[in-house]
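Chemist: Model the following, please.
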Amino acid sequence: MSTYRDILNGIFFQPGPLQILGRPKTVPSRNRNTMSMFPPDHALRITLAEEVHARPPEAVQAPARASYVAVLVEPENRTRELAHLNALCEAQGVAGPAPGSTQFRAELPGVRLKWERHGEFSGYTVIARGLNEQPFQIVAASLLPAGWLSALPGATMAAVHAELLTAPEESRVRSLLQESFGGQTISGAEIADGAARLFTDFQLHDGCSRFLLFDRSLTARQAGRTLQRLFEIEAYRMLALLALPIARRQNPRIVQIESSLASLTDGIARGQGDDEALLHELTRLAAEVESGLAASQFRFGACRAYFELVTRRIAELRESRLPGVQTIDEFMARRFTPAVDTCSSVSNRLHDLSERVAQASSLLSTRVDITRERQNQALLSSMDRRAKLQLRLQQTVEGLSVAAICYYVAGLVGYLSKGLKAGGLAIDTDLVVGITIPVVAIGVILAVRRTRKRISDKDEHLA
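Modeler: Residues are numbered from 1 along each chain as shown. Below is the predicted model of the structure:
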């Protein structure tokens, strides 16, 4: 009876016409008539369509050995990395990666090499067929030219060796585990719905982690995907933990800032302390918090992203418990998850501190604004009193001005009447001066009032 795999292979991998609804139809790579039915392609359509096929796993059949190394590469070293890879290919007589490539695979003498460039690291996978007399005796990476891996630009973040063996007899399993892990505490499980068994101790043996995989009924593609997931679990686990030292350095600093902020907030609540000094201290705390955020948030964000990738890859293993052995998921939950939670806690505390400092600054600003309003009210009251005093003084000056004007006008009228009298005109100079004084006084008062009213109307119009 045909299996689903046989049916799929017959549909997708056999040459010849494709049967669609009983009619043979040749599948063209790009039918001009068909494509002319639609609008022109978006500039990114082909790139996006091919993205889901990026970094495919290698097909691996037991028995086989594989090595993996994740190297942190600075952006300025990307060109050197590509040149180093091309030099290997040239020496081995194979075509190297094209400029701008992000992945590459090559069949080298005795091994298969796969290179993938990720956001901040590059991954190198080396696969070799065949058995070791003893597990991990001759690893796949050692079959590359001597010194090539060590000359890679960058720093090693994760290094893994894996052995893919045909499932041995149960009596042989214990001795293989002892030879591979030397009596260390082992984690493992049945994976892929029982198609394989996986064992590891997450310890470094000669600087590398080890995975021992017993193949029961894995297909070549399944085995390749499983190895890829195991390598990614180790690489992403190590990259996620890069945030842990930062979290440990930030924690005492956060405690100190929290204590200082609590004292400042209490002083603001009690109305104690000089506003300028409090504002200066709050500004200093805000600068420290923002400095901590700037120095850590990239790694904390990367930690969360890598943690999600690790948990997703573990879920894809589809583990089933083995008697007396903790699963990979349990190991990560007990050893890895608390470290990630520490990083998340420190990140959340920094963000909380930033908000609390902002709230304290807002409270202090409100207090300063209230004090300033009181000062402004006192200043306005003082100005109002001064304005009233100036008005009274002005009224006094106006009265004196009326008297002075009357005096001078009366004097002029007196001189004029005396002159007229000396010229022969019969005038009583005293009577003329006496009559002039009230007339001039009334006129000056009316003129002053009219001028004041005109100025007041003009001010109201401008207002």
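Chemist: which residues of this structure fall in strands?
Modeler: Along the chain, the segments classed as strands by DSSP state E run 18-20, 23-25, 64-72, 103-108, 111-117, 121-129, 155-166, 187-191, 196-200, 209-215.
Chemist: would you list those in CSV and tack on distance to Arg55?
Modeler: Just so you know, the C-beta spots here come from the backbone N, C-alpha and C atoms, and that holds for glycine as well. Below are the strands of the chain laid out as CSV (distance: least, CB to CB, whole Å):
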stretch, distance to Arg55
strand 18-20, 27
strand 23-25, 31
strand 64-72, 13
strand 103-108, 6
strand 111-117, 5
strand 121-129, 9
strand 155-166, 16
strand 187-191, 21
strand 196-200, 21
strand 209-215, 19
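Chemist: Dump those strands to TSV, plus distance to Glu288, mean neighbour count and mean pLDDT.
Modeler: TSV is the format used below for the strands of the chain (distance: least, CB to CB, whole Å; neighbours: other CB atoms under 10 Å; pLDDT from 0 to 100):
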stretch	distance to Glu288	mean neighbour count	mean pLDDT
strand 18-20	66	11	35
strand 23-25	69	9	40
strand 64-72	29	24	96
strand 103-108	43	15	92
strand 111-117	37	20	95
strand 121-129	31	22	96
strand 155-166	30	21	96
strand 187-191	41	22	96
strand 196-200	42	23	96
strand 209-215	38	23	96
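Chemist: between the ones you listed, which one is nearest to Ala295?
Modeler: Closest of these to Ala295 is strand 64-72, at 18.0 Å (criterion: CB to CB).
Chemist: partners of the closest one, with directions?
Modeler: strand 121-129 (antiparallel), strand 155-166 (antiparallel) (DSSP bridges).
Chemist: mind putting the ones you listed in CSV, distance to Ala95 included?
Modeler: Compiled in CSV, those are given as follows (distance: least, CB to CB, whole Å):
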stretch, distance to Ala95
strand 121-129, 18
strand 155-166, 27
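Chemist: Need the pLDDT of Ile46.
Modeler: Note for Ile46: predicted pLDDT of 84.
Chemist: List phi and psi for Pro323.
Modeler: phi -60, psi 130 (degrees, to the nearest 10).
Chemist: how is the chain carved up into domains?
Modeler: 59-240, 244-377, 397-462 (automatic domain parsing).
Chemist: Could you single out the most deeply buried of those?
Modeler: domain 59-240 (a mean of 17; mean count of other CB atoms under 10 Å).
Chemist: what about that one, distance to the chain center?
Modeler: 31 Å (CA atoms, centre = their mean, to the nearest Å).
Chemist: and the end-to-end length of it?
Modeler: End-to-end distance for domain 59-240, by CA to CA, to the nearest Å: 28 Å.
Chemist: pretty sure Ser417 is touching Ile427, no?
Modeler: Yes: with contacts counted by CB atoms under 8 Å, Ser417 reaches Ile427, the gap being 5.1 Å.
Chemist: and the closest residue to Phe136 other than its chain neighbours, what does it touch?
Modeler: Spatial nearest neighbour of Phe136, excluding adjacent residues (CB to CB, 6 or more residues apart in numbering): His161 at 5.6 Å. With contact taken as CB atoms under 8 Å, 6 or more residues apart in numbering, His161 is in contact with 65-68, 136, 139-141, 208-211.
Chemist: Quick check: His161 vs Gly207, distance?
Modeler: Computed as CB to CB, to the nearest Å, the His161 to Gly207 distance reads 10 Å.
Chemist: which residues touch stretch 94-114?
Modeler: Contacts of stretch 94-114 (CB under 8 Å, 6+ apart): 54-55, 58, 82, 85-86, 88-90, 92, 115-117, 124-128, 140, 143-144.
Chemist: And for stretch 445-453?
Modeler: So stretch 445-453 is contacted by 398, 401-402 (CB under 8 Å, 6+ apart).
Chemist: could those residues go into CSV alongside distance to Glu330 and pLDDT?
Modeler: Below are the contacts of stretch 445-453 laid out as CSV (distance: CB to CB, whole Å; pLDDT from 0 to 100):
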residue, distance to Glu330, pLDDT
Glu398, 99, 71
Ser401, 102, 76
Val402, 105, 76
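Chemist: from the residues you listed, which ones fall inside helices?
Modeler: 398, 401-402 (DSSP state H).
Chemist: Where does the prediction get shaky in the stretch 1-150 of the chain?
Modeler: Along the stretch 1-150 of the chain, the parts satisfying pLDDT under 70 run over 1-36.
Chemist: one more time with 50
Modeler: Residue ranges of the stretch 1-150 of the chain with pLDDT under 50: 1-2, 4-5, 7-31.
Chemist: re earlier: and which of the contacts of His161 is nearest to Gly443?
Modeler: So of these, ranked by how close each gets to Gly443 (CB to CB), first place is Tyr68, at 110.8 Å.
Chemist: what's the spacing between the closest one and Gly183?
Modeler: 25 Å.
Chemist: wait, doesn't Gly267 sit right on Gly273?
Modeler: Yes: contact criterion CB under 8 Å: Gly267 and Gly273 qualify, at 4.5 Å.
Chemist: is it possible to export the ones in helices among the contacts of stretch 445-453 to CSV including distance to Phe336?
Modeler: CSV is the format used below for these (distance: CB to CB, whole Å):
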residue, distance to Phe336
Glu398, 91
Ser401, 94
Val402, 98
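Chemist: which one of those sits closest to Pro168?
Modeler: Nearest member of the ones in helices among the contacts of stretch 445-453 to Pro168, counting by CB to CB, is Glu398, at 119.9 Å.
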